[in-house]
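Participant: fold the stuff below for me.
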Amino acid sequence: MFQLTLFIIILALLFDFLNGMNDAANSIATIVATRVLTPKIAVAWAAFFNFSAAFFFGVEVATTIGKGIVEPSAVDQYVILSALIGAIVWTHSCTRLGLPISVSHALVGGLAGSAIIKAGFESLIPAGITKVVIFIFLSPIIGLVLGTLFMIIVIWIFKNSKGSKVDKIFRYGQLLSSAAFSLGHGTNDAQKTMGIISILLYTSGFLGEEFYVPFWVVIISHTAIGLGTLAGGWRVIKTMGMRLTHLKPVGGFCAETAGALVLGGTAISGIPVSTTHTIAGAIMGVGMVKRLTAVRWGLAGKIIWAWVLTIPFSGLCGALSYFIIKQFFLH
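Facilitator: Predicted structure coming up:
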């Protein structure tokens, strides 16, 4: 049992690493697109704050993932193994295609799919699933609204200032906004892995009678996602930062600030949201202020379809993985 538990923990950390790779774009796309930092320095900047988030926020999202999506009684090592396989297959495929997806939702889908094969639909917790699904739609909308609002406010405040002066101010401002967003990204996404590892330890009998998130799990999860961000998913970064809309430092600052506020609020509330959905919505909102055609809506449509399909397809991968494991290893 210990060997299998250790293997699944390593697989969970691999998932966390891939999460960081795919979501590196969320943290640095705008700051690279505006040329405030070079790509290599930008990923190092984001990775540092991804890890630093371990010391700033609680573990509410990890608790939601650990015991708020599937009934703990239905979870065992094989369900978690299947969930991770499903999430990794979908995440890696989309990263290769340059599609920014919700790695969080890939994990939720994989967990739900494998649990359904093991224990049926009654193993799902409706309130937790509903919360996640609602924020598939709410997080990009909130990001879009806040991004638009911040951009309008900033334009009004600096309406009589020279463009070069505004550009200089927000080149420095983007360092702060990118750091804030990276903190939000780190706490929101690393907690998904924390939740999976913690429920694995709990159902395997390593935590005792009470579910909690050990501090060593917090540290290794933030380390893995930080290293993944450092590796960088360059195709996704190009999609988010250079193809979706044209950004200047002021727009990057507004998008990142909007995203950071959404992620900070949802992390404290224990709601597992998509950093990808949030920052993409904010970038679109910023682009719309200039003109509606400044956003490449055809590309935006492809990204949205990837979002919609993430939970069903990762759920299918998770279910198929559990079915195969059941046929070959559980008889």
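Participant: tell me where the stretch 101-250 of the chain has helices.
Facilitator: Counting by DSSP state H, counting those that start in this stretch, the segments of the stretch 101-250 of the chain that form helices are 103-119, 126-157, 163-203, 215-231, 234-238, 249-269.
Participant: winner for burial among those helices?
Facilitator: helix 103-119 (a mean of 28; mean count of other Cβ atoms under 10 Å). Heads up, the C-betas are built off the backbone N, CA and C, glycines and all.
Participant: got the angle for that one vs helix 126-157?
Facilitator: For the pair helix 103-119 and helix 126-157, the angle between their directions (axes from the mean of the first three to the mean of the last three Cα atoms, to 10 degrees) equals 170 degrees.
Participant: helices or strands up against helix 103-119?
Facilitator: Packing contacts for helix 103-119, counted by 3 or more Cβ pairs under 8 Å, 6 or more residues apart in numbering; DSSP states H and E, involve helix 2-33, helix 60-67, helix 77-96, helix 126-157, helix 163-203, helix 297-329.
Participant: mean confidence for it?
Facilitator: Per-residue pLDDT over helix 103-119 has a mean of 89.
Participant: now it: how far from the chain's centre is it?
Facilitator: Taking Cα atoms, centre = their mean, to the nearest Å, the mean C-alpha location of helix 103-119 is offset from the chain mean by 16 Å.
Participant: how about TSV for the helices of the stretch 101-250 of the chain, with distance to Thr91 added?
Facilitator: Formatted as TSV, the helices of the stretch 101-250 of the chain follow (distance: least, Cβ to Cβ, whole Å):
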stretch	distance to Thr91
helix 103-119	5
helix 126-157	16
helix 163-203	11
helix 215-231	10
helix 234-238	11
helix 249-269	19
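Participant: figure out which of those helices is closest to Lys40.
Facilitator: Proximity to Lys40 (Cβ to Cβ) singles out helix 215-231 among the helices of the stretch 101-250 of the chain, at 9.2 Å.
Participant: out of the helices of the stretch 101-250 of the chain, nearest to Leu320?
Facilitator: Nearest of these (Cβ to Cβ): helix 103-119, 8.0 Å.
Participant: give me the number of residues near Ile304?
Facilitator: Neighbour count of Ile304, defined by other Cβ atoms under 10 Å: 14.
Participant: one more: the one 3 residues further on?
Facilitator: Residue neighbour count, defined by other Cβ under 10 Å, stands at 22 for Trp307.
Participant: circling back: and the helices of the stretch 101-250 of the chain, which one's lowest on average pLDDT?
Facilitator: Among the helices of the stretch 101-250 of the chain, helix 234-238 has the lowest mean pLDDT, at a mean of 56.
Participant: nearest to Met1, out of the helices of the stretch 101-250 of the chain?
Facilitator: Comparing the helices of the stretch 101-250 of the chain by their distance to Met1 (Cβ to Cβ), the top pick is helix 163-203, with 10.9 Å.
Participant: so what secondary structure elements neighbour that closest one?
Facilitator: Taking 3+ Cβ pairs under 8 Å, 6+ apart as the contact definition, the neighbouring helices and strands of helix 163-203 are helix 2-33, helix 39-52, helix 60-67, helix 77-96, helix 103-119, helix 215-231, helix 249-269, helix 275-290.
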